[in-house]
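Colleague: no FASTA, just this:
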């Protein structure tokens, strides 16, 4: 099995404030044309994350609650590399509870 380390697109990391309402970033042209994003949760609260092919604000990240499924959760201080659709243009973040800090999203390739 060949594992390719995550390779970021240089200079393409964006920061987003995590709030209880879905916040989004538009991936740049280069960021939309890759298969992965690295999401670092620099906040004090868990976040829910979703990507999509949409215009800004049309995709919503849903925080899961008991009995109702939602999107992938990333713990405070943790990071995850997630695959996305090759042409997905939006990354959306919703804070599960009130907190402070930023979420950093870096497009790239690998794991």
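Modeller: Right, received. Where do you want to start? Small disclaimer: the values here were computed from a predicted structure and weren't measured. Numbers count the residues shown, from 1 in each chain.

Colleague: quick check, residue 99 in contact with residue 42.
Modeller: No. Using C-beta atoms under 8 Å, residue 99 is not in contact with residue 42, being 10.1 Å away. Quick note: C-beta positions are derived from backbone N, CA and C, even for glycine.

Colleague: give me the element the nearest residue to residue 8 once chain neighbours are set aside is part of.
Modeller: Nearest non-adjacent residue to residue 8, counting by C-beta to C-beta, 6 or more residues apart in numbering: residue 108, 4.1 Å away. For residue 108, the host element (DSSP states H and E) is strand 101-109.

Colleague: just checking, what packs against that strand?
Modeller: strand 7-8, strand 14-17, helix 29-32, strand 36-43, strand 90-95 (3 or more C-beta pairs under 8 Å, 6 or more residues apart in numbering; DSSP states H and E).

Colleague: parallel or antiparallel, which strands does that strand pair with?
Modeller: The sheet places strand 101-109 alongside strand 7-8 (antiparallel), strand 14-17 (antiparallel), strand 36-43 (antiparallel), with pairing taken from DSSP bridges.

Colleague: deepest-packed of those strands, please.
Modeller: strand 36-43 (a mean of 21; mean count of other C-beta atoms under 10 Å).

Colleague: other residues contacting it?
Modeller: Around strand 36-43, the neighbours that count as contacts under C-beta atoms under 8 Å, 6 or more residues apart in numbering are 6, 8, 18, 27, 31, 47, 49, 51, 74-84, 91, 93, 95, 99-111.

Colleague: right, I'll call it a day here.
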